[in-house]
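Undergrad: okay, here's the prediction I keep looking at, along with the sequence it came from:
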Amino acid sequence: MNIYTFKHETDFIATGASLIASLLHTNPRSVLGLATGSSPIGIYQRLIEMNQQGLVSFAKTSSYNLDEYVGLPEGHSESYRYFMNDKLFNHIDIKMENTHVPNGNAADLEAECRKYDTMLEEYGPVDLQILGLGHNGHIGFNEPDESLIGGTHVVELQEKTRTANARFFPSLADVPTQAVTMGVGSILKAKQILLLVRGEDKAEIVKRALKGPITSQCPASLLQCHPNVVVLLDQGAGRLLS
Ligand SMILES: N[C@@H]1[C@@H](O)[C@H](O)[C@@H](COP(=O)(O)O)O[C@@H]1O
């Protein structure tokens, strides 16, 4: 695991963006695993600029997002499909049909999960999986539990997660109670993982995830088992690592 802590946000962004861009230079058909949350936004903005300057192309790239809320109306501004379109896809040369986000409005959510796994099996493995980190150690929406699920599944969101994400909704009551998420097994199948974490409030969980015991009570701790993980932290998030 290669862990880098950055004093300046511009360096955090430049490092993340160039890692993705160099992957696409090496293999323009790379499969990207993408994440929402605040941590990747600056990197997505930089990739948009690079794409518009002709420095990187997504024309042959496909993408699979980690997760999506269940039950938000189509086009809802807090759905993860809206986030991805708004923060990245609408501004780069990726073909929209090559972008995939689980459908949290599928009539049969179990069938949607199986369909997502089948696509990942058929068109994967993911070359580079971007991840953020929840305050409780979740990755995607894989919440701490007695055991973890390998494939894509429907999850009940924990109060800590709903409270953390309530800042984006009018009130806590408006935050969905369920989500569809890729499982930890699917995440670990990626060839390379790029974990992005920002903020002092994440320092404790960063330490637990990267240096603590490997346990389903901290899903991100399973990343310690993966052979190719790059972690980018800002100073706040990295402050408890020696
Ligand atoms: N479901 C997403 C996660 O996939 C993301 O990793 C997390 C971290 O968000 P942030 O980057 O804002 O810390 O937020 C949400 O809970």
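TA: Perfect, thanks for sending it.

Undergrad: alpha carbons of the lowest-mean-pLDDT helix or strand in the chain, as PDB, please.
TA: Every helix and strand of the chain was ranked by mean pLDDT, DSSP states H and E. The lowest is helix 159-165, at a mean of 90. The C-alpha coordinates for helix 159-165 follow below in PDB (Å, rounded to 0.1, in the frame of the first residue of the first chain):
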ATOM      1  CA  GLU A 159     -27.700   6.300  10.800                       C
ATOM      2  CA  LYS A 160     -24.100   7.500  10.900                       C
ATOM      3  CA  THR A 161     -24.000   7.400   7.100                       C
ATOM      4  CA  ARG A 162     -27.400   9.000   6.700                       C
ATOM      5  CA  THR A 163     -26.400  11.700   9.100                       C
ATOM      6  CA  ALA A 164     -23.100  12.400   7.200                       C
ATOM      7  CA  ASN A 165     -25.000  12.600   3.900                       C
END
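
Undergrad: any idea how far Asp201 is from the residue nearest the centre of the chain?
TA: Most central in the chain under C-alpha atoms, centre = their mean is Ala35, positioned 2.5 Å from the mean C-alpha point. Separation of Ala35 from Asp201 (C-beta to C-beta, to the nearest Å): 18 Å. Every residue, glycine included, has its C-beta placed from N, CA and C.

Undergrad: pull the distance from the least confident helix or strand of the chain to the chain's centre.
TA: What separates the centre of helix 159-165 from the centre of its chain is 17 Å, taken as C-alpha atoms, centre = their mean, to the nearest Å.

Undergrad: CA atoms only: put the next helix-or-strand element following that helix into CSV for me.
TA: Per DSSP states H and E, the first helix or strand lying C-terminal to helix 159-165 is strand 178-181. In CSV, the C-alpha atoms belonging to strand 178-181 read as follows (Å, rounded to 0.1, in the frame of the first residue of the first chain):
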residue,chain,number,x,y,z
GLN,A,178,-31.3,2.0,1.4
ALA,A,179,-28.7,1.9,-1.4
VAL,A,180,-27.4,-0.5,-4.0
THR,A,181,-23.7,-1.0,-3.7
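
Undergrad: next one: the closest residue to Glu200 other than its chain neighbours relative to the ligand, how far apart?
TA: Leaving aside its chain neighbours, Glu200 sits nearest to Gly236 (3.6 Å; criterion: C-beta to C-beta, 6 or more residues apart in numbering). Gly236 sits 11 Å away from the ligand, going by C-beta to the nearest ligand atom, to the nearest Å.
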